[in-house]
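In: Just a sequence and a predicted model for now, questions to come.
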Amino acid sequence: MRPKNVPEPEELSKIDHKPPLFESWMDKKPEFKPGFYCYGAKAKNIAAVGMPNPRDWSPTDEDWKLPENWKEIFLNGMKERLEKYRSFKLFMDICVRCGACADKCHYFIGSGDPKNMPVLRAELLRSVYRKYFTTGGKLFGKLAGARELTFDVLKEIWYYLYQCSECRRCSLFCPYGIDTAEITILGRELTNLLGLNTDWIQASVANCYRTGNHIGLQPHAYKDMIEFLCDECEEVTGIRPQPQFNKKGAEILFVTPSGDVFADPGTYTCMGYLLLFHYLQEEYGFDITWSTYASEGGNFGYFTSHEMAKRLHAKIYMEAKRLGVKWILGGECGHMWRLLNQYIDTFNGPPDYLEEPVSPITGTKFEHAKGHKIVHIVEFTADLIRHNKLKLDPSRNDHLVLTFHDSCNPARGMGFFEEPRYVIKSVCRNFYEMPSNTIREQTFCCGSGAGLNAGENMELRMRGGLPRANAVKYVHEKYGVNMMACICAIDRAALPVLMQYWVPEVDITGVHELVGNALVFKNEKKRTTDLRGNPFVGAEEEQGDAV
Amino acid sequence: MSLVEELKKKSSKILKKWQDSLIASYPEDTQHFLKKEKDKFANPVGYIFKNELERLYNGFVDEDQDKINSSLTEIIRVRAVQDFFPSAAINFILELKEIIKNETNWESFSIEEKEALDKKITSLLLLAFDIYEQCRQKLYDLRVHEVKKHVMGLLKMANLVYEIPDPTK
Ligand code: SF4
Ligand code: SF4
């Protein structure tokens, strides 16, 4: 049935779509469209970590059940942050609306909704800033681009803050270096003062806080799941890894996003880690332990507030301290790694109880990790390969034609470009880059970062991921690419779905799954399939010949 | 000149108008970007619309069903995840009729020719509706599939599922 009050088709296609930029956009009321927002955080998940205003609510409710003085809380929160973060104040003040960032956001590119232009996304908050914190705004109101903080304005701010994946692509193009991701991060902090998060994020936060990982796997179950993956390794390779758990005095603690442990295709990446560690253990006496308590590398707290991010990160470091390890090795994760690198020293103080990471196998000092004591596994493996410490047979990945997706956090956030490519090229023989304006620092986001990887906002994810998928489609058609590698767990969860919508011929893998395929063990059985059970090139014919 | 001949002769003009009308379904600030940015990786939506609408038009005039199917799918796959009501998402098909009426010597064509065109556009519209529906169905399937994948891992781990062994292997 046609919804009531819906105009005729000809009118419809042109409906509500003529707001000239920077003029009447302020007057438009926000409209929540299914598919573009996530469900509201549940009371129990807000209460579990002692965050404000726990109650069940939905973004489409008339009444968001806000505290009576919500406006005061929001504005005080803003004041506090303007004083605390000079960058925030600067970003609020210096935008000249040049528009250089406008068409650089994947959500704008995919949706055509002008409020997804980074400049307008920030303007939602900036207009409130002007009204309450600048003389011009106080005096001239709308003329000075200022507007009052009303409930409708709050709703609109919320709607668009949770349509930003904090990917930072826009900042690359801003002549002033304004980082809209930072504005989103602080804007979300303000919404969290009112208990306005999404449940996908808040439930993950509550679970991480309680059990150490975002789905609430308890320690014994976490261990069981890894044992199960060891069985799978044995089936394919004849080798059963012998992982160590919670081992006091181990040299290194390994922490990975829990998605690697329970969700495909991350599980194959996890099998890659297990095989690599086993190989190193056998060959070089490598001493690494998993923890069933620090069982989540991802930090969902970062999508709520700095404070919550700090609390969750502390768990990983406390576990490292408790076990007495020398340093931490991080699995293939994006935001975990950037956060630990860039924030831990100031969040929680330098972890002086750990040592500067040194590879026990090659002797390489990871000097850049001197402060935070954590190394990304792709750096670690690249170093092993560089020193010829692994026996590899790249032909075992000949059935794959690869490309590589630079995940926003390691790539744009950290300049981590070469190591993953070096590892991939060492273990695979067919590799093609996507076009240059879609990779490295200019990489396009998967469309599901910063806690937007829920199911109910699928349309948002698909259109946000369109620029990424479009570049994949190009290399698929041109070079026959059938697999895209990435080094981020959110990507491993989000990209398969994105591919199924836009380029179903391409699948997703972690880099260590490829390493696991190529790694040659002394006592392995005759291997005919990759870790997923897909036959190696030539293996099928050989089998056929034997019959 | 027959209607079909004129559709071929005036194809670039008609196509240009059709592309403009498709882009006019977006807010003004977006229209500028969709038209101006020529890099196909910086502006995938504009690029897809420009190229696929051309293929669609040629397929339509030449009655090449494969071309029609694939180009229409490319366009609608994009529209299905944007801010449109279903009717608005596929309305550009109906606009083709208006454009043809305005850009050709409409009155000079026979009733049979006009009816044939009408029919062709109606079937294009119906096809567009089916494709739109398939895209939406795909989105729902992806949602379900994603949840299942997560749950399966957990069930396996807890030894709560028994997988039927395959006796043929
Ligand atoms: S940070 Fe990324 S998602 Fe957010 S506005 Fe900038 S480009 Fe868009
Ligand atoms: S590029 Fe920078 S200065 Fe220009 S509109 Fe965007 S945020 Fe403002």
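Out: Happy to help now that I have it. Numbering: from 1, shown residues only, chains lettered A, B, ... in the order given. Ligands and ions are numbered 1, 2, ... in the order given.
In: Just give me the neighbour total for A:A382.
Out: A:A382 has 21 neighbouring residues, counting by other C-beta atoms under 10 Å in any protein chain shown. From N, CA and C alone the C-beta is placed, and that goes for glycine too.
In: Please read the previous query as pertaining to A:T346.
Out: The tally of other residues near A:T346 (other C-beta under 10 Å) stands at 11.
In: mind checking the backbone torsions on it?
Out: Torsion angles at A:T346 (phi, psi; degrees, to the nearest 10) stand at phi -90, psi -30.
In: Which secondary structure elements does the helix or strand where A:Y501 lies sit against?
Out: With secondary structure defined by DSSP states H and E, A:Y501 is part of helix A:489-502. Packing contacts for helix A:489-502, counted by 3 or more C-beta pairs under 8 Å, 6 or more residues apart in numbering or on different chains; DSSP states H and E, involve helix A:259-262, helix A:266-284, helix A:458-464, helix A:466-479, strand A:483-486, strand A:507-510, helix B:111-157.
In: For A:G349, give its distance to A:H313.
Out: As for A:G349, its distance to A:H313 is 11 Å (criterion: C-beta to C-beta, to the nearest Å).
In: which of those two has more neighbours?
Out: A:H313 (21 against 10).
In: Three-state assignment for that one, please.
Out: In the three-state summary, A:H313 is assigned as helix, counting by DSSP: H, G, I helix; E, B strand; the rest coil.
In: returning to what we had before: the helices and strands packed on helix A:489-502 into a markdown table, with extra columns for mean pLDDT and distance to ligand 1?
Out: Compiled in a markdown table, the helices and strands packed on helix A:489-502 are given as follows (pLDDT from 0 to 100; distance: least, C-beta to the nearest ligand atom, whole Å):
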| stretch | mean pLDDT | distance to ligand 1 |
| --- | --- | --- |
| helix A:259-262 | 89 | 21 |
| helix A:266-284 | 97 | 23 |
| helix A:458-464 | 96 | 8 |
| helix A:466-479 | 98 | 10 |
| strand A:483-486 | 98 | 17 |
| strand A:507-510 | 98 | 21 |
| helix B:111-157 | 88 | 21 |
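In: of those, which approaches A:P114 most closely?
Out: helix A:458-464 (14.2 Å; C-beta to C-beta).
In: which other residues reach the closest one?
Out: Helix A:458-464 is touched from outside by A:35-37, A:106-107, A:110-111, A:163, A:165, A:445, A:447-448, A:452-453, A:494, A:497-498, A:501-502, B:78, B:81-82, B:139, B:142-143, with contacts defined as C-beta atoms under 8 Å, 6 or more residues apart in numbering or on different chains.
In: change it to 6 Å
Out: Applying C-beta atoms under 6 Å, 6 or more residues apart in numbering or on different chains, the set of residues contacting helix A:458-464 from outside is A:G35, A:F36, A:H106, A:Y107, A:G110, A:S111, A:G447, A:S448, A:Y501, B:V81, B:L139, B:R143.
In: Close to ligand 1: what parts of chain A are there?
Out: A:104-105, A:107, A:118, A:121, A:164-170, A:180-181, A:184 (C-beta under 6 Å from any ligand atom).
In: re the thing from before, which pair in the contacts of helix A:458-464 spans the largest distance?
Out: With C-beta to C-beta as the measure, no two of the contacts of helix A:458-464 lie farther apart than A:H106 and B:R143, at 20.5 Å.
In: Burial check on the closest residue to ligand 2 within chain B, number of neighbours?
Out: Scanning chain B for the residue nearest ligand 2 gives B:D29, at 12.7 Å (criterion: C-beta to the nearest ligand atom). Under the neighbour criterion other C-beta under 10 Å, B:D29 is assigned a count of 24.
In: so which strand or helix has it?
Out: Taking DSSP H and E as the criterion, the element that holds B:D29 is helix B:28-36.
In: Which of A:H106 and B:R143 has more residues huddled nearby?
Out: A side-by-side neighbour count of A:H106 and B:R143, using other C-beta under 10 Å, places A:H106 first with 25 against 17.
In: Would you check that that one makes contact with A:R468?
Out: No - using C-beta atoms under 6 Å, A:H106 and A:R468 do not qualify as a contacting pair, with a distance of 7.0 Å.
In: Find the residues that touch each one of those two.
Out: Overlap between the neighbourhoods of A:H106 and A:R468 consists of A:F444, taking contacts as C-beta under 6 Å, 6+ apart.
In: returning to what we had before: which strands and helices sit next to whatever helix or strand comes next after the helix holding B:D29?
Out: Beyond helix B:28-36 in the direction of the C-terminus, DSSP H and E gives the next helix or strand as helix B:44-62. Counting contacts by 3 or more C-beta pairs under 6 Å, 6 or more residues apart in numbering or on different chains; DSSP states H and E, helix B:44-62 is packed against helix A:466-479, helix B:11-23, helix B:65-79.
In: What is the shortest one packed up against?
Out: The elements that helix B:11-23 packs onto, with contact taken as 3+ C-beta pairs under 6 Å, 6+ apart, are helix B:44-62, helix B:92-103.
In: let's go with 10 Å and repeat that
Out: Here helix B:11-23 is seen to pack against helix B:3-9, helix B:28-36, helix B:44-62, helix B:92-103 when contacts are counted using 3 or more C-beta pairs under 10 Å, 6 or more residues apart in numbering or on different chains; DSSP states H and E.
In: Quickly compare the helices and strands packed on helix B:44-62 and say which is most buried.
Out: Burial among the helices and strands packed on helix B:44-62, expressed as mean neighbours by mean count of other C-beta atoms under 10 Å in any protein chain shown, is greatest for helix A:466-479, which shows a mean of 22.
In: I'd like the distance from that one to the chain centre, please.
Out: Averaging C-alpha coordinates over helix A:466-479 and over its chain gives two centres that are 21 Å apart (C-alpha atoms, centre = their mean, to the nearest Å).
In: Name the residues of stretch A:141-161 that come out as buried.
Out: Burial within stretch A:141-161, assessed by neighbour count using 16 or more other C-beta atoms under 10 Å in any protein chain shown, is assigned to A:144-147, A:149, A:153-161.
In: CA atoms of that stretch as PDB?
Out: What follows is stretch A:141-161, C-alpha atoms only, in PDB (Å, rounded to 0.1, in the frame of the first residue of the first chain):
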ATOM      1  CA  GLY A 141      22.000  34.100  15.200                       C
ATOM      2  CA  LYS A 142      21.200  32.500  11.900                       C
ATOM      3  CA  LEU A 143      22.900  35.200   9.900                       C
ATOM      4  CA  ALA A 144      26.200  34.200  11.500                       C
ATOM      5  CA  GLY A 145      25.400  30.500  10.900                       C
ATOM      6  CA  ALA A 146      24.300  29.900  14.400                       C
ATOM      7  CA  ARG A 147      21.300  28.000  15.700                       C
ATOM      8  CA  GLU A 148      19.700  27.100  18.900                       C
ATOM      9  CA  LEU A 149      20.100  23.600  20.300                       C
ATOM     10  CA  THR A 150      16.500  22.300  20.100                       C
ATOM     11  CA  PHE A 151      15.400  18.700  20.400                       C
ATOM     12  CA  ASP A 152      15.100  18.500  16.600                       C
ATOM     13  CA  VAL A 153      18.600  19.900  16.200                       C
ATOM     14  CA  LEU A 154      19.900  17.200  18.700                       C
ATOM     15  CA  LYS A 155      18.100  14.500  16.700                       C
ATOM     16  CA  GLU A 156      19.700  15.700  13.500                       C
ATOM     17  CA  ILE A 157      23.200  15.900  15.000                       C
ATOM     18  CA  TRP A 158      22.700  12.300  16.300                       C
ATOM     19  CA  TYR A 159      21.500  11.000  13.000                       C
ATOM     20  CA  TYR A 160      24.500  12.300  11.100                       C
ATOM     21  CA  LEU A 161      27.200  11.600  13.700                       C
END
